[in-house]
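Student: What follows is a predicted protein model with its sequence.
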Amino acid sequence: MSTMTAGPAESTLAAADFDTLAGGLTEPEAIAGARAAAWERFTALPWPTKKSEEWRYTDLTKVGFEALTPVVPAPATAEALSADVREVLGRSGERAGVVVLREGRVAHLELEPEVARSGVVLCSIRDAADRHPELLRRALLEAQPGPAEEKLWALHLALLGGGYFLHVPRGVEMPAPIHAFHIVERAGTLSSAHSFVYGESGARAAVIDEFLSDDLAAETVSLHGATITGEGGAGIEYVALQRFGRGVKQFSTQHVAAGRDSRIVTFNVTLGGDLSRADVTSRLDGPGSDSEMLALWFGDSDQHFDHHTLQHHAAPHAHSDLLFKGALTDSGSSVFRGLIRVDKGAQLTDAYQTNRNLLLSEGSHASALPNLEIEADDVRCSHGATIGQVEDGQLFYLMSRGLTRRQAERLLVFGFFDEVLGRLPMEGVRARVREAIEEKIGL
Amino acid sequence: MSEPLLSIRGLRAKVEGEDGEILRGVDLDLERGEVHALMGPNGSGKSTLAKVIAGHPAYEVTAGEILFEGEDVLELEPDERSRAGIFLAFQYPAEIPGVSIANFLRTAVNSRLGEGEEMDVFGFQRTLTEKMEMLKMDPGFATRYVNDGFSGGEKKRNEILQMAVLRPALGVLDETDSGLDIDALKIVARGVNRLSEADEALGVLLITHYKRILNYIQPNVVHVMMAGRIAESGGASLADKLEAEGYDWLQQAAAAV
């Protein structure tokens, strides 16, 4: 389109060099430096194959990264809210702020004036690089994934420029969640965004990252990272609600750092896209810290959802509890691979890990690989996984009341999910998640 | 409509994949508006008959037919039988953790609506509240998970609540009286009687071990089931005789045949 001459030249990832990716933009050093270094790492590293344990069930070589068009990070704009976003917001409860991102670029950002007056900062990460370069740098360094995830992480950072930054000062309790919409519109693109959530001592915050797109005709990849940090006594609730259309593949890396006596809840809800991979790490840095890791997924047709988790107990007296539940039908498949790691000094650790899977069809398939790695000697840890089907007795009972087999199965999936939904502290967030699940499952 | 509400002819059934018939030629006619009690010793096949009427997939019908309002229902799935108007109050209702009674019943009522029909949400709520009051249920009951952690009496009341909301043409009550104390029994019996009063065509097949519930629900006919067959049918006085004399006289009569 001739009217878009100001836009940077676009090429495929295979043909891109860092200058193309930089897009001739002047960037704050905290971002530009990190991006350049990440690009070097990305080009030097090989793609992981199915030989690595981390990618055994998800074949990255089948994703056509090289042919995708990387979206060059662009400065924030201030657009009006689009109809689809307004519609979701209209059905959601109270909120403290809204962010809309299009292929990572902040297109709309608003924060309730009262919340802003309390010192809460909500801005694009470009602005954050100017205002809080040290926090940003530290958050990026902290979220360093393992070797097998490094290639994708490097790509994520190399493209980084999109995303938002939420900073809640000491003792400030946000009255309602921030609702962020990550919208992907352009088929064939590779885009990236990052959510930085930082709560100082005693702060309270809740964030929903909702990912959405139409069904896209060409393979499209969305990379996402989240860095969630809670200082002493902070309470943070983070929800990633993935309801992309078909054609989209998401790779997401979430990193939680929990300070002394903080309590952090992460909740991944995976419903959309063709392929969805989430690497979720909770590092319990401070004594008395508490991490609750929750997830729900419902996969149909040939969707593939892959979840890797790490509960890393680096401090004593900390508690972590993971509950991931998934249901699959048609030829849907899912993977859960979880590790509880307890460092030598992390005595009196209390750590739990549970993955439950419900298969509704012959063609669906779930893999569950829970694991422990414990170096301390005075700990309480347990892990378990189940893969099962709907109980015949329950199915007959529901059908004897007139529900079709499909309705009965879907109602049982709701029942199966309820335990996890009930653990979300904020009612407004819970209602939004429940609604999205109902829409996907259908009854 | 001259045909009986329920007409069972020469019904034989066994557990799927096993030998040995449990039902060995059951014949039974139940007219609209009638209450039939089905009694008999343990293992005579009463509960199996109830489950076969509802279409339980664990049982295989090897011969005979079940006509409901003149239509053969043996080829129908359990949900189709339910929507046609057959209701089974379970002896051991399933527990469904995570699904509230209100949500469950709303889905069940919805499943009865035709294409494009909208559910009257307020009407449903009103009906549910009214029926719960009738069964002396706490209003909070509707938000509890279906049968999850319920006492025996709560489970049975919940079965009758569902029957009241779904308004079937035929209610098969499988030992709804067992495990109930006298107060709970009276509440359940009154609930069933109210449903009969509200719908004069309602047919009830009341399966029971004990005469006790028949003091509160008057049967038109009493059947006795022995070894997979109806061995004897009669009026309400048959229940008195069974209570006084047990089943031995029938067993002897059956052996003599």
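Tutor: Everything's here; your move.
Student: and the stretch 51-200 of chain B, which of its residues are near chain A?
Tutor: Neighbours of chain A within the stretch 51-200 of chain B, by CB under 8 Å from any CB of the partner chain: B:54-58, B:77-79, B:81-83, B:87-88, B:90, B:93-99, B:103-105, B:107-108, B:110-112, B:145, B:162, B:166. In this view, the C-beta of every residue, glycine as well, is placed from N, C-alpha and C.
Student: Can you tell me, leaving aside adjacent residues, what's nearest to B:Ala253?
Tutor: B:Ala231 (7.5 Å; CB to CB, 6 or more residues apart in numbering or on different chains).
Student: State the number of residues packed around B:Asp19.
Tutor: 6 (other CB atoms under 10 Å in any protein chain shown).
Student: Apart from its neighbours in sequence, what residue is nearest A:Asp148?
Tutor: Careful, residue A:148 is Ala and not Asp. A:Glu54 (3.7 Å).
Student: Can you list phi and psi of the residue nearest to B:Ala253 for me?
Tutor: B:Ala231 adopts backbone torsions of phi -90, psi -30, taken as degrees, to the nearest 10.
Student: wait, B:Leu205 sits on B:Leu173?
Tutor: Yes: in terms of CB atoms under 8 Å, B:Leu205 counts as a neighbour of B:Leu173; the distance is 7.0 Å.
Student: what sits against the residue of chain B found nearest chain A?
Tutor: Of all residues in chain B, B:Gly98 sits closest to chain A, at 3.1 Å by CB to the nearest CB. By CB atoms under 8 Å, 6 or more residues apart in numbering or on different chains, the residues touching B:Gly98 are A:414-419, B:145.
Student: tell me the pLDDT at it?
Tutor: pLDDT recorded at B:Gly98 is 95.
Student: With A:Leu25 instead?
Tutor: For A:Leu25, the predicted pLDDT is 66.
Student: quick one: buried residues of stretch B:238-253?
Tutor: Neighbour counts over stretch B:238-253 (16 or more other CB atoms under 10 Å in any protein chain shown) mark B:238-239, B:241-242, B:247, B:250 as buried.
Student: ugh, typo on my part, it should be stretch A:426-443
Tutor: In stretch A:426-443, counting by 16+ other CB under 10 Å, buried: A:426, A:428-430, A:432-434, A:436-437, A:440-441.
Student: tell me the phi and psi of B:Ala184?
Tutor: phi -60, psi -40.
Student: check contacts around it.
Tutor: Contacts of B:Ala184 (CB under 8 Å, 6+ apart): B:153, B:156-157.
Student: ok, it to A:Glu103 distance?
Tutor: B:Ala184 sits 63 Å away from A:Glu103, going by CB to CB, to the nearest Å.
Student: repeat for A:Ala176
Tutor: 27 Å.
Student: One more: A:Arg186?
Tutor: According to CB to CB, A:Arg186 and A:Glu103 sit 6 Å apart.
Student: Run the chain-centre distance for stretch B:67-74.
Tutor: 16 Å (CA atoms, centre = their mean, to the nearest Å).
Student: Now do it: distance from first to last residue.
Tutor: 8 Å (CA to CA, to the nearest Å).
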